[in-house]
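Student: Would you be able to build a 3D model of this:
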Amino acid sequence: MLINNLNENTKNGITNYLFCDNEKQAKRFHDIFNDVENDVVYKTITTPLYQGFIESDLKIACYTDHQIFERYHKFRLKSGFAKKQAISIKELTHLEIGDYVTHIDHGIGKFGGLQKIDVEGKKQEAIKLIYGERDILYISIHALHKITKYNGKDGKAPKVHKLGSNVWKKLKQKTKSRVKHIAYNLIQLYAKRKLQKGYAYNPDSHMQLELEASFIYEDTPDQFSSTQDVKADMEKDQPMDRLVCGDVGFGKTEIAIRAAFKAVDNGKQVAILVPTTILAFQHAKTFRERLIDFPVTVNYLNRFRTTKQRNEIINGLADGSVDIVIGTHQLVNKNIIFKDLGLL
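Tutor: Numbering: from 1, shown residues only. The predicted structure follows:
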């Protein structure tokens with residue numbers, strides 16, 4: 001039947017396009033047509049397509065491999081609805097009747113189970129969603145990528161509105177508006193940062209190279225490249241804003257130590273913010289051990305420090321005798337003044 005349709009299209013001046021998910025599917029078509037020894041005129045395009053269509057004005061006929069072979073298609077999702085958010089078949093089987101789900105077009109509803117419905121004389125599996133005023137929406141398995149399990153505040157049930165109401169539309173518009181506002185503010189912030197001049201640190205000194213050479217482990221490729229990127233940022237005359245991400249034990253602290261030392265080597269002070277009091281103590285211990293052979297003063301602030309110790313550290317930051325300070329939110333206290341803070 002497919003071959004007949006393709007040949008009929010060719011007679012009528014219509015160009016046939018077969019859309020395939022990958023090169024293997026395209027080769028599958030070539031092999032099939034070669035086996036039947038039929039002179040079919042067509043073009044394969046390795047690009048996913050939702051469904052086939054015929055456009056008479058343009059004289060083109062588009063077919064999809066998943067429709068021809070009658071199999072489920074794994075759709076590529078729009079960037080606005082992240083793949084990690086979309087529900088999977090496995091997750092669908094774990095949903096219970098009454099669980100809340102979010103449909104990207106229709107909003108929040110309740111999962112009503114899987115149900116077979118009649119579509120043009122054929123039985124198809126569909127997802128039943130229940131909305132306000134007992135409205136029912138059936139979603140094809142093919143549209144599974146539009147659904148995600150609802151994740152809201154713990155213990156608080158979301159409001160479920162009736163289908164067709166403009167509540168969900170307004171909520172999405174409001175959210176988009178807020179996101180645009182945040183994006184606008186971020187653009188302004190980064191534009192101001194681009195215009196501002198920062199302190200350009202000098203290239204690595206002999207002491208910097210000596211510190212890095214004294215590291216007892218060999219740098220991993222990522223650790224080395226991250227260190228180079230951080231130092232390159234510091235040597236620019238623009239304010240630095242860099243995130244170093246890595247798993248536990250992969251050398252992030254060593255990168256921070258090298259960056260901090262570069263700042264101190266250039267006559268600047270360094271403040272390191274940590275989330276917990278114990279982490280402040282641990283990092284202070286690590287920094288001191290690592291910098292023991294260099295003229296660097298490291299101290300830390302947390303709630304376990306006595307009033308006398310706190311005052312000594314605060315005075316040291318003000319007169320420049322403390323080079324690196326590690327602490328919790330106490331570091332952002334308005335009473336703490338740095339002589340010349342160069343890196344946070």
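
Student: Number of residues surrounding Ile60?
Tutor: Counted with other CB atoms under 10 Å, the neighbours of Ile60 add up to 15. Backbone N, C-alpha and C define where each C-beta goes, glycine included.

Student: what do you get for the one 4 residues further on?
Tutor: Look at Thr64: counted by other CB under 10 Å, it has 20 neighbours.

Student: What is the subsequent helix or strand relative to the helix or strand of the chain with the lowest mean pLDDT?
Tutor: One helix or strand of the chain scores below all others by mean pLDDT, DSSP states H and E: helix 89-94, with a mean of 70. Remark: after helix 89-94, the chain's next helix or strand is strand 100-103, criterion DSSP states H and E.

Student: Against which helices or strands is that following strand packed?
Tutor: Under the contact criterion of 3 or more CB pairs under 8 Å, 6 or more residues apart in numbering; DSSP states H and E, strand 100-103 touches strand 107-119, strand 147-149.

Student: Can you mark which positions in the following helix or strand past the last one are buried?
Tutor: Looking back up the chat, that one is strand 147-149. Sequence order places helix 167-195 as the next helix or strand after strand 147-149, per DSSP H and E. Buried residues in helix 167-195, counted by 16 or more other CB atoms under 10 Å: Trp168.

Student: for stretch 317-336, same thing?
Tutor: Leu317, Val322, Asp323, Ile324, Val325, Ile326, Gly327, Thr328, Gln330, Leu331, Ile336.

Student: what about stretch 48-56, how long is it end to end?
Tutor: Counting by CA to CA, to the nearest Å, you get 22 Å between the two ends of stretch 48-56.

Student: can you check stretch 128-140 too?
Tutor: 9 Å.

Student: which SS state does Asn7 fall under?
Tutor: Under DSSP: H, G, I helix; E, B strand; the rest coil, the three-state class of Asn7 is helix.

Student: Tell me, how many residues neighbour the residue nearest to it when sequence neighbours are not counted?
Tutor: Using CB to CB, 6 or more residues apart in numbering and skipping residues adjacent in sequence, the residue nearest Asn7 is Val40, 6.5 Å away. Residues near Val40, counting by other CB under 10 Å, number 19.

Student: What residues does Val40 make contact with?
Tutor: Listed by CB atoms under 8 Å, 6 or more residues apart in numbering, the contact partners of Val40 are Ile3, Leu6, Asn7, Thr10, Asn16, Phe33.

Student: distance of the first one from Lys27?
Tutor: Okay, so that is Ile3. 18 Å (CB to CB, to the nearest Å).

Student: got the contact list for the nearest residue to Asn5 once chain neighbours are set aside?
Tutor: In this structure, Asn5 finds its nearest non-sequential neighbour in Ala61, 7.8 Å apart by CB to CB, 6+ apart. Residues near Ala61 by CB under 8 Å, 6+ apart: Asn5, Leu6, Asn9, Ile14, Thr15, Asn16, Tyr17, Gly52, Phe53, Ile54, Glu55.

Student: can you check Leu344 too?
Tutor: Neighbouring residues of Leu344 by CB under 8 Å, 6+ apart: Val270, Ala271, Ile272, Leu273.

Student: how about low-confidence regions in this structure?
Tutor: Applying pLDDT under 70 to the chain picks out residues 37-38, 70-90, 154-155.

Student: How is it partitioned into domains?
Tutor: 2-68, 89-164, 165-195, 206-343 (automatic domain parsing).

Student: list the buried ones in stretch 41-52?
Tutor: Tyr42, Thr44, Pro48, Leu49, Gly52.

Student: tell me the two of the residues you listed that are most distant?
Tutor: Tyr42 and Pro48 (17.7 Å; CB to CB).

Student: shouldn't Gly152 be in contact with Thr102?
Tutor: No - counting by CB atoms under 8 Å, Gly152 stays clear of Thr102, with 9.3 Å between them.

Student: Looking at the two, which is more packed in?
Tutor: Remark: of Gly152 and Thr102, Thr102 carries more neighbours, 20 against 11, as counted by other CB under 10 Å.

Student: Can you classify Asn34 as helix, strand or coil?
Tutor: Asn34 is classified as helix under three-state DSSP.

Student: any idea how far it lies from Gly132?
Tutor: Relative to Gly132, and taking CB to CB, Asn34 is found at 56 Å.

Student: Comparing the two, which residue is more hemmed in?
Tutor: Shown here are Asn34 and Gly132; by other CB under 10 Å, Gly132 has more neighbours (16 against 10).

Student: what sits against the closest residue to that one other than its chain neighbours?
Tutor: Nearest residue to Gly132, sequence neighbours excluded (CB to CB, 6+ apart): Lys162, at 3.9 Å. Counting by CB under 8 Å, 6+ apart, Lys162 touches Tyr131, Gly132, Glu133, Asp135.

Student: cool, and Lys197?
Tutor: Contacts of Lys197 by CB under 8 Å, 6+ apart are Asp237, Gln238.

Student: a helix runs through it, doesn't it?
Tutor: No - using three-state DSSP, the assignment for Lys197 is coil, not a helix.

Student: Can you show me the strands along this protein?
Tutor: In the chain, the segments counted as strands under DSSP state E are 15-19, 43-45, 53-55, 60-64, 100-103, 107-119, 122-130, 136-140, 147-149, 269-273, 298-301, 324-327, 341-343.
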